[in-house]
Structures are given as C-alpha cells and as structure tokens.
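A.B. asks: A structural model of the following input is requested.
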Amino acid sequence: MSVRCAKCGEELLGAVNRCWKCGQQFIARPTIAGEPPAEEALAIALQPALEARVLDEAPEAAANPVAAAAPTPIATGLPVMPPPKLPSLARPVPASTNLAALGGTVATVVLGVFALALAWWRFEAAIVGLVGLVMGVWGLYSSRRGWALVGMLLCCLAIVLGTITGVLQLNHYLNRNAPIELPTTVAP
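C.D. replies: Okay, here's the model as predicted:
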C-alpha cells in the first residue's frame, strides 16, 4: 500500500509520522482490531492508495517557505519524556560477587607463582602454567580482574620458561649418549 503526502505528493514507505521531503506530520492510521496481522496486511493491500491526513497546517508556512521546510512540533497535552540516557564508554564495570570467579583469580596467581618457580628445573611447569592460564580466564569475571591478569602473566612466563627447559632437557637426553668423534689425522 502506498501512502502519499497530501502536501507535496511524495510517496511514503513504511509506518511514518512525518514526510521525509517536506516535514509534514501525519496522524497514524489505527490498526484493524481483532484481525491477525496476515489478514490485516491482506485487507490493507486490497484498499486503494490513501492520502495522508495533515495534523496541523502552520499558517506561517504559506508565507515563509524556509519555515515550512522545518518540522513544527505539535502540542498534544501529553507529558514530554526526556531522551533516554545512553551508556557511557568510560563507565566502570560493576563488581562481581561471584565467589567461583574469585577462586579462579586466586588459583591463577598461586599456580602462576608455583609454575614459574618450578619451570627452572622441570618442563612439567608448562602444563601447570596452562592450567593456571585457564583459571585466569575464569578469574577475569571476578572483581579482582587485575590480580587475574597478573596471575595469567605469571602463567604465560612459566609456560615459556617450562617449554625452554623441556627443550634443553630433551637435547641433553638425546646428545648424552652420543659418541664423541675425534678427527682422524693421516700420518705422512
């Protein structure tokens, strides 16, 4: 169904309350009561094109074409609602009371310190650090987010150091029993 503006003749699409070209305001058409939306759409489709009804014709619009282009507010007697408040990007995240997430924060710090201390001698510290890193992701949902990040940093350092220790231990194991080859010299 096409609706045309009574003032400028522009075709309006969708549910509009104002002409996008000239700014004229319209009364919203009441819905057909008691009919499902599919039947209402069919009933509307069968109706001929309608002219939009003008709510308020501003008398100064005929005299001043610049003022006619600007939309004019209509006093309806209803209270004016303030615009909704948009969320601020700098708003702090509310503190969580999730004790399980707080436990994840404590676990990641403890496992990070333990894995970092163990990583100098054992490669298994990388596995402990990986478990601590997972606990740190869980701890990010707590109110102690900063401590969770510190624990995750310790776990990452333990993973790197434990991996290096493991590679060095593997190299030492593989080359420990290798025979030492001396260069052979040919006597003249």
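A.B. asks: who are the packing partners of the lengthiest helix in the chain?
C.D. replies: If you go by DSSP state H, the chain has its longest helix at helix 145-176. Identification of packing neighbours for helix 145-176 by 3 or more C-beta pairs under 8 Å, 6 or more residues apart in numbering; DSSP states H and E yields helix 99-118, helix 125-139. Bear in mind the C-beta positions are built from the backbone N, C-alpha and C, glycine included.
A.B. asks: angle of it against helix 125-139?
C.D. replies: Angle of helix 145-176 versus helix 125-139, following axes from the mean of the first three to the mean of the last three C-alpha atoms, to 10 degrees, is 160 degrees.
A.B. asks: list the buried ones in helix 145-176?
C.D. replies: Within helix 145-176, the residues scored as buried using 16 or more other C-beta atoms under 10 Å are 145, 147-148, 150-152, 154-156, 158-159, 161-162, 165-166.
A.B. asks: okay, the helices and strands packed on helix 145-176 in JSON lines with mean pLDDT next?
C.D. replies: Compiled in JSON lines, the helices and strands packed on helix 145-176 are given as follows (pLDDT from 0 to 100):
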{"stretch": "helix 99-118", "mean pLDDT": "89"}
{"stretch": "helix 125-139", "mean pLDDT": "90"}
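A.B. asks: among those helices, which is the most enclosed?
C.D. replies: Mean neighbours per residue, mean count of other C-beta atoms under 10 Å, is largest over the helices and strands packed on helix 145-176 for helix 125-139, with a mean of 21.
A.B. asks: what angle sits between that helix and helix 99-118?
C.D. replies: Using the same axes, to 10 degrees: helix 125-139 against helix 99-118 is 160 degrees.
A.B. asks: which neighbouring elements make contact with helix 125-139?
C.D. replies: helix 99-118, helix 145-176.
A.B. asks: quick one: pLDDT of residue 21?
C.D. replies: pLDDT, residue 21: 80.
A.B. asks: how about residue 94?
C.D. replies: 55.
A.B. asks: same thing with residue 75?
C.D. replies: 53.
A.B. asks: helices and strands of the protein: which one bottoms out on pLDDT?
C.D. replies: Ranking every helix and strand in the chain by mean pLDDT, DSSP states H and E puts helix 37-46 at the bottom, with a mean of 51.
A.B. asks: let me see the mean pLDDT of the longest helix of the chain.
C.D. replies: Helix 145-176 comes out at a mean pLDDT of 90.
A.B. asks: how much space separates residue 17 from residue 9?
C.D. replies: 18 Å (C-beta to C-beta, to the nearest Å).
A.B. asks: residue 148 now?
C.D. replies: 64 Å.
A.B. asks: return stretch 114-128 as PDB; C-alpha atoms alone will do.
C.D. replies: Extracted as PDB, the C-alpha positions of stretch 114-128 are listed here (Å, rounded to 0.1, in the frame of the first residue of the first chain):
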ATOM      1  CA  PHE A 114      54.300 -22.200  41.600                       C
ATOM      2  CA  ALA A 115      54.800 -22.900  37.900                       C
ATOM      3  CA  LEU A 116      57.300 -20.100  37.500                       C
ATOM      4  CA  ALA A 117      59.300 -21.400  40.400                       C
ATOM      5  CA  LEU A 118      59.200 -25.000  39.000                       C
ATOM      6  CA  ALA A 119      59.900 -24.000  35.400                       C
ATOM      7  CA  TRP A 120      63.600 -23.600  36.100                       C
ATOM      8  CA  TRP A 121      64.000 -27.300  36.700                       C
ATOM      9  CA  ARG A 122      61.000 -29.200  35.300                       C
ATOM     10  CA  PHE A 123      59.300 -29.000  32.000                       C
ATOM     11  CA  GLU A 124      56.000 -30.000  33.600                       C
ATOM     12  CA  ALA A 125      55.700 -26.400  34.800                       C
ATOM     13  CA  ALA A 126      54.400 -25.500  31.400                       C
ATOM     14  CA  ILE A 127      51.400 -27.800  32.000                       C
ATOM     15  CA  VAL A 128      50.800 -26.300  35.400                       C
END
